[in-house]
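K.L.:
The sequence and its predicted three-dimensional model are supplied below.
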Amino acid sequence: MHRRALLASAGAALCSPAWSADEPWPSRPIHLVVAYPPGGVSDDTARGLAHFMSARLKVPVLVESRAGAGGLVALEALAHTAPDGYTLAYCAISPLVFAPAAAPSQPTGRGSEALLHDITPVVSLMDTPVLVLAHPSFKPANFAAMLAAARAAPGKLRWATSGQATVGHMVLAQIRSAAGVAITHIPYKGGGQQLTDALAGQFELLSSNVAAQQLQYVQRGLLKPLAIGSPTRLPVLPDVPTLAELGFPEANLVSTFGLFAPRGVPPERLRLINAVVNEALRQPDIRARILDVSNLPTGGSAADFAARIAKERERALRVPAD
């Protein structure tokens, strides 16, 4: 079956039955579609959020995983659901921000501009720093030495990311553009195989969202940190400089995650979801799930979230990506 037809079918499967503007809301289960595989930080955070939302909204909030294409599969499926507020997606903003430069290679065949017309940002959830790592066999000991090695052998160094149009991809693109170096991009279809191959030394460099597993590999000496995309240095890695400190402020990016809904959900339902999520982010147990792995809870209004996406899109469009 054609990929487009598959996505339409996936969206149809998520659709809720026909709804009436007069029905009390919510009156049946809400589906929270997570754009990443089970077991990671996003899945854990989503399940804690779903539990809180269930208690506040008095209906089950069911977590479903729909991973693929850096989040595009989940967002495309969301765009085909009924605009009733009963289906939401938990996803990073990267498919909406960085896809313009990578759209021709995306399996959906659509750029982020079209997708933005079909979904709406509801609330920002958290920011995740991005680590720039090297295999321990890579001789350069710091970021400056890595750039010197890249200049000495154009195209020889390989830098893996979790996929096209991800924030790790844009970190690489920004560095290549600003430093004028040729580094070969190795895009994966997700972070799991990327990490497995990183440990095996299949490439020299990678960019990866901060998570407990990555930090454990660093602490055990299995991966070598060179830099981090973050507003400040991380307490768990105090000797690792930010990309801004290293002279690459445009590459000093974080992964921003949030909730999205189909375009056309009644505003009062979106306001209620936003309010409940902001309340959830103030709860100590949910904050701990996020802060324990060096992520930062965000929250705020839907307008704030939309403005953040627009700002990051503007910055991304200034840098060519492969």
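P.N.:
Looks like it arrived, so ask away.
K.L.:
The helix or strand hosting Leu131 pairs with which strands?
P.N.:
For Leu131, the element it lies in under DSSP states H and E is strand 119-134. Next to strand 119-134 in the sheet, as set by DSSP bridges, lie strand 205-209 (antiparallel), strand 224-229 (antiparallel), strand 254-262 (antiparallel), strand 296-297 (antiparallel).
K.L.:
Between the ones you listed, which one is closest to Leu96.
P.N.:
strand 254-262 (8.7 Å; CB to CB). Where C-beta positions appear, they are placed from N, C-alpha and C, glycine not excepted.
K.L.:
List the contacts of the nearest residue to Thr128 once chain neighbours are set aside.
P.N.:
Of all residues not flanking Thr128 in the chain, Ser255 sits nearest, at 4.2 Å (CB to CB, 6 or more residues apart in numbering). Residues in contact with Ser255 (CB atoms under 8 Å, 6 or more residues apart in numbering) are 92, 94, 127-128, 130, 167, 209.
K.L.:
same thing but at 10 Å, please
P.N.:
42, 92-94, 126-130, 162, 166-168, 171, 208-210, 229, 295 (CB atoms under 10 Å, 6 or more residues apart in numbering).
K.L.:
Over to Gly190?
P.N.:
36-37, 40, 67-70, 162-163, 166.
K.L.:
Quick check on the one residue sitting closest to the centre of the chain: phi, psi?
P.N.:
Ranked by distance to the mean C-alpha position of the chain (CA atoms, centre = their mean), the top residue is Ala92 at 3.0 Å. Main-chain dihedrals, Ala92, degrees, to the nearest 10: phi -70, psi 160.
K.L.:
correct me, but it touches Gly258?
P.N.:
Yes - if you go by CB atoms under 10 Å, Ala92 and Gly258 touch, sitting 8.0 Å apart.
K.L.:
need the strands for the stretch 51-200 of the chain, in chain order.
P.N.:
61-65, 87-92, 119-134, 158-161, 184-187 (DSSP state E, counting those that start in this stretch).
K.L.:
how about the third one: buried residues?
P.N.:
When neighbours are counted by 16 or more other CB atoms under 10 Å, the buried residues of strand 119-134 are found to be 119-134.
K.L.:
And the helices in the stretch 1-150 of the chain?
P.N.:
Along the stretch 1-150 of the chain, counting by DSSP state H, counting those that start in this stretch, helices occupy 3-14, 41-57, 72-79, 94-97, 99-102, 112-118, 143-152.
K.L.:
now do the stretch 151-300 of the chain
P.N.:
Under DSSP H, counting those that start in this stretch, the stretch 151-300 of the chain gives helices at 167-179, 191-199, 212-219, 267-280, 284-291.
K.L.:
so which of the ones you listed comes closest to Asp84?
P.N.:
helix 267-280 (7.7 Å).
K.L.:
quick one, that closest one and helix 284-291 angle?
P.N.:
Interaxial angle of helix 267-280 relative to helix 284-291 (axes from the mean of the first three to the mean of the last three CA atoms, to 10 degrees): 80 degrees.
K.L.:
How about exporting helix 267-280 as PDB, limited to the C-alpha atoms?
P.N.:
Output of helix 267-280 as PDB, limited to C-alpha atoms (Å, rounded to 0.1, in the frame of the first residue of the first chain):
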ATOM      1  CA  PRO A 267     -11.000  26.500  21.800                       C
ATOM      2  CA  GLU A 268     -12.500  25.900  25.200                       C
ATOM      3  CA  ARG A 269     -11.400  22.300  25.000                       C
ATOM      4  CA  LEU A 270      -7.800  23.300  24.100                       C
ATOM      5  CA  ARG A 271      -7.800  25.800  27.000                       C
ATOM      6  CA  LEU A 272      -8.900  23.100  29.400                       C
ATOM      7  CA  ILE A 273      -6.200  20.700  28.200                       C
ATOM      8  CA  ASN A 274      -3.600  23.500  28.500                       C
ATOM      9  CA  ALA A 275      -4.600  24.400  32.000                       C
ATOM     10  CA  VAL A 276      -4.500  20.700  33.200                       C
ATOM     11  CA  VAL A 277      -1.100  20.200  31.700                       C
ATOM     12  CA  ASN A 278       0.300  23.300  33.300                       C
ATOM     13  CA  GLU A 279      -1.100  22.100  36.600                       C
ATOM     14  CA  ALA A 280       0.500  18.700  36.000                       C
END
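K.L.:
chain center to that helix: distance?
P.N.:
Here the centre of helix 267-280 is set off from its chain's centre by 21 Å, with CA atoms, centre = their mean, to the nearest Å.
K.L.:
Could you shift the numbering so residue one becomes 34, and keep it that way?
P.N.:
With 34 as the first residue, the last one maps to helix 300-313.
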